[in-house]
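> need a structure here:
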Amino acid sequence: MREMSEWTSLPVLDRARCTACGDCAPVCAPGVIALVGGRLEFVKPNACDYCGECEAACSEDAISCPYDIVLDAKGLGRSCLRGS
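Down below sits the predicted model:
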């Protein structure tokens, strides 16, 4: 299993759907997301813990946190960040 410090994925932002309402920023505990010049930006990408709170807060479905279910040799599943 990868350590959090090895994660390279960020939530996916669909800028066409994002209205820059800012609802996602206050729920991001590490402060990864912020409005900069009226536009949503990942200002501290290395701090993202991929918790999914920003995805849940977005009423426009502009943020998604994709992951894959990976089965081990015993057929037990665990979630993994997509692309990691």
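> Might you report the residue contacts of A62?
Listed by Cβ atoms under 8 Å, 6 or more residues apart in numbering, the contact set of A62 reads 13-15, 17-19, 40. For every residue, glycine as well, the C-beta is placed using N, CA and C.
> Repeat that for A20.
35, 38-40.
> Need the outlier residue of this structure, farthest from its centre.
Centroid-distance maximum for the chain: K74 at 29.0 Å, with Cα atoms, centre = their mean.
> Please give the element, helix or strand, for it.
Per DSSP states H and E, K74 falls between elements, in no helix or strand.
> what's the helix or strand for A29?
Under the criterion of DSSP H and E, A29 resides outside all helices and strands.
> E53 is in contact with that one, correct?
Yes - if you go by Cβ atoms under 8 Å, A29 and E53 touch, sitting 7.3 Å apart.
> neighbour-wise, which of the two wins?
For A29 and E53, the more surrounded residue by other Cβ atoms under 10 Å is E53, and the numbers stand at 18 against 10.
> who are the neighbours in contact with that one?
Applying Cβ under 8 Å, 6+ apart, the residues contacting E53 are 24, 27-29.
> D14 too?
The contact partners of D14, by Cβ under 8 Å, 6+ apart, come to 61-64.
> ok, now with 7 Å
Taking Cβ atoms under 7 Å, 6 or more residues apart in numbering, we find D14 in contact with A62.
> what do you get for P11?
Contact analysis of P11 by Cβ under 7 Å, 6+ apart lists 54-55, 63-65.
> again, but for V32
Under the criterion of Cβ under 7 Å, 6+ apart, the neighbours of V32 are 42-45, 47-48.
> before we move on, the earlier item: roughly how far apart are the residue farthest from the centre of the chain and Y67?
Counting by Cβ to Cβ, to the nearest Å, the separation of K74 from Y67 is 20 Å.
> V36 now?
For V36, the distance to Y67 (Cβ to Cβ) stands at 27 Å.
> So which of those two has more stuff around it?
With neighbours defined as other Cβ under 10 Å, V36 and Y67 compare such that Y67 has more, 16 against 11.
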